[in-house]
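>>> sequence unknown, structure follows:
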């Protein structure tokens, strides 16, 4: 038991993997007791470019490749893979428990189907609204003013000022510039 504790301490102090990130970003800063401004400071301290103080608890950040614009609101329990960068513009609203995946694999042979690792950034432009439980897959760009309905799975780029929904997400209707 004592040896395990020493190994754990060694890994933390030697930068062993993701331990420090998970303790500080996803543990302490991501908790309900951490004030939003402190959460933002911790996220920035780990190299993320955050310009808002409106990030709710229980969001998972898988790295330091997150950029969030001014006046953006991110609700509870979102998952940001961050194998590649995620850029979220200003005045964006993201509902609870959405998932943003930037890493995947090529399809391998039958011995190991998850082949070579690949990654692609996600871009969400200004003014978008991402509903609850949305899944955004690698390489997707959601253009300004778009709305993605709750539960949608976004596999391809979204046009500006358009409502998307479904699995996979398809155009439901075009939105006027009000």
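Looks like it arrived, so ask away. This is a predicted model, so every value here is computed, not measured.
>>> Surely residue 168 is in contact with residue 157?
No: counting by CB atoms under 8 Å, residue 157 is not a contact partner of residue 168; they are 12.0 Å apart. In this view, the C-beta of every residue, glycine as well, is placed from N, C-alpha and C.
>>> list the helices and strands the helix or strand harbouring residue 172 packs on?
Counting by DSSP states H and E, the element that carries residue 172 is strand 170-174. On a contact count with 3 or more CB pairs under 8 Å, 6 or more residues apart in numbering; DSSP states H and E, strand 170-174 meets strand 162-165.
>>> contacting residues around the strand holding residue 172?
Applying CB atoms under 8 Å, 6 or more residues apart in numbering, the contact partners of strand 170-174 are 149, 159, 161-166.
>>> Indicate each strand paired with it and its parallel or antiparallel sense.
strand 162-165 (antiparallel) (DSSP bridges).
>>> For the residue nearest to residue 131 when sequence neighbours are not counted, give me the pLDDT.
Distances taken as CB to CB, 6 or more residues apart in numbering put residue 150 closest to residue 131, at 3.6 Å, once the chain neighbours are dropped. Listed pLDDT for residue 150 reads 98.
>>> And residue 84, by the same measure?
For residue 84, the pLDDT comes out at 95.
>>> for it, what are its contacts?
Taking CB under 8 Å, 6+ apart as the test, what residue 84 contacts is 65, 102-103, 119-122, 138.
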